[in-house]
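A.B. asks: Just the structure for this:
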Amino acid sequence: MEYKNICVVYSHSKVGDLIWQLPYIKAISLYHKKKIYFITREETRAKIILKDLDYIKVVEYNSFRKGIHYWTDTFKLFKFFKNSYLSHIYLLDKVSRPAIAAKFARIKNIIGPGLGNQKNWLTCKNFLKKEDWKLNYSDQSQKFLTINNITINNKIPELKINFEREDIDLNIKKINKKIISFGIDSGEDFKMWYEELFVELANILYEKGLFEEIYLICGKNKDHMASKIISLSKNNYFINCSNYDLANIMGILKKSNFFVGNNAGPLNMAAALGVKSFGLISNDPISELKYSNILAITPDN
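C.D. replies: Numbers count the residues shown, from 1 in each chain. Next up is the predicted model:
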């Protein structure tokens with residue numbers, strides 16, 4: 001078997017962070033003219049999100065734990081690398097254990113940003129500098145690929161969803177009403193807009209005839225927020241999506257005329273799906289959105 005497959009590793013757990021990295025994973029795929037073996041954390045649910053991207057061949061999960069599990073996860077990486085006939089491994093962050101596993105698996109090309117101890121295990125000669133730690137994740141990946149002569153044709157994340165997928169509910173496939181969606185929760189509570197304000201916004205948009213139904217996008221642990229919005233409203237146009245799985249959330253987002261939501265994964269996902277997306281940004285720098293089509297809404301003060 002010829003060693004010719006390409007693997008990309010990204011160890012961060014947030015869905016939004018994963019989506020920001022898509023342009024760089026695609027750039028590596030185009031550079032080598034091959035589909036990518038991709039490794040990330042299970043929390044990203046990448047197997048669902050990336051299922052319809054034509055440059056991803058395989059998605060594998062690794063926990064990237066610390067403490068006594070460090071070497072267990074490293075050994076799991078080693079076995080995957082050893083059995084996947086890889087010629088190149090690219091690391092899109094500073095984590096060291098994939099580089100260690102690749103070294104023991106005798107992968108010829110181990111390429112990463114080289115921040116911290118990682119550079120001791122890489123085969124490339126071009127590394128990011130210490131001051132590059134201050135860059136955001138997108139800028140780090142751009143600089144890392146540039147110094148390794150990999151062209152990035154498009155810096156804006158793009159996702160696809162195929163409605164023929166079996167994991168999308170038939171009722172969502174058949175939606176033909178004018179719908180919009182609100183992203184009402186966040187992984188960080190201090191980033192969330194108040195439920196009363198979502199109700200007020202819905203009233204204004206309804207008066208303008210901009211929708212027939214609003215889908216409230218949130219996790220199961222934020223069901224109480226969706227329920228509160230519905231109870232506060234005097235109208236019957238809200239749909240609680242707290243029990244929807246991710247594939248169906250992606251379907252709802254794609255069907256939406258536009259999305260309004262907190263700075264969280266669904267906002268990034270909607271924008272990457274090509275949906276007009278308005279981000280409610282209260283305490284994050286707007287510069288984080290410069291590589292997206294997200295339209296920022298910020299408070300006056």
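
A.B. asks: Quick check, residue 17 in contact with residue 137.
C.D. replies: Yes - using CB atoms under 8 Å, residue 17 is in contact with residue 137, at 6.1 Å. (Glycine included, C-beta is placed from N, CA and C.)

A.B. asks: So which residues of this protein form helices?
C.D. replies: Secondary structure of the chain, counting by DSSP state H: helices at 15-20, 22-32, 46-49, 70-83, 97-104, 137-147, 170-173, 195-207, 223-232, 246-255, 265-272.

A.B. asks: what's the average pLDDT for the fourth one?
C.D. replies: Put plainly, it is helix 70-83. For helix 70-83, the mean pLDDT works out to 96.

A.B. asks: orientation of that helix relative to helix 97-104 in degrees?
C.D. replies: Interaxial angle of helix 70-83 relative to helix 97-104 (axes from the mean of the first three to the mean of the last three CA atoms, to 10 degrees): 50 degrees.

A.B. asks: Can you report how many residues lie near the closest residue to residue 121 other than its chain neighbours?
C.D. replies: The shortest distance from residue 121 to any non-neighbouring residue, by CB to CB, 6 or more residues apart in numbering, is to residue 99 (3.6 Å). Residues lying near residue 99 (other CB atoms under 10 Å) number 26.

A.B. asks: Might one say that residue 99 is in contact with residue 122?
C.D. replies: Yes - look at residue 99 against residue 122 with CB under 8 Å: they come within range, at 5.9 Å.

A.B. asks: which neighbours do those two share?
C.D. replies: Jointly contacting residue 99 and residue 122 under the rule CB atoms under 8 Å, 6 or more residues apart in numbering are 91, 110, 112.

A.B. asks: quick one: furthest residue from the center of this structure?
C.D. replies: Distance from the centre of the chain peaks at residue 234, with 35.0 Å (CA atoms, centre = their mean).

A.B. asks: Quick check: the gap between that one and residue 201.
C.D. replies: 14 Å (CB to CB, to the nearest Å).

A.B. asks: where does the closest residue to residue 76 other than its chain neighbours land on pLDDT?
C.D. replies: Of all residues not flanking residue 76 in the chain, residue 62 sits nearest, at 6.0 Å (CB to CB, 6+ apart). As predicted, residue 62 sits at a pLDDT of 97.

A.B. asks: Residue 62 and residue 220, how far apart?
C.D. replies: To residue 220, residue 62 is 25 Å away according to CB to CB.

A.B. asks: The two: who's more crowded?
C.D. replies: A direct count of neighbours by other CB under 10 Å for residue 62 and residue 220 places residue 62 higher, at 20 against 8.

A.B. asks: got the contact list for the residue nearest to residue 76?
C.D. replies: 11, 39-41, 73, 76-77, 80.

A.B. asks: Can you tell me which of the shared contacts of residue 99 and residue 122 end up in strands?
C.D. replies: If you go by DSSP state E, the shared contacts of residue 99 and residue 122 have 91, 110 in strands.

A.B. asks: Just give me the closest of the shared contacts of residue 99 and residue 122 to residue 299.
C.D. replies: Nearest to residue 299 among the shared contacts of residue 99 and residue 122: residue 91, at 37.8 Å, using CB to CB.

A.B. asks: so what's residue 75 up against?
C.D. replies: residue 101.

A.B. asks: What separation is there between it and residue 67?
C.D. replies: 15 Å.

A.B. asks: ok, now residue 47?
C.D. replies: Using CB to CB, residue 47 is found at 26 Å from residue 67.

A.B. asks: quick one: which of the two has more around it?
C.D. replies: Relative neighbour count places residue 47 above the other of residue 47 and residue 67, with 16 against 6, counting by other CB under 10 Å.

A.B. asks: That one - nearest residue in space that isn't next to it in sequence?
C.D. replies: residue 59 (4.7 Å).

A.B. asks: burial of residue 262, as a residue count?
C.D. replies: 25.

A.B. asks: That one reaches residue 182, doesn't it?
C.D. replies: No - judged on CB under 8 Å, residue 262 makes no contact with residue 182 at a distance of 9.2 Å.
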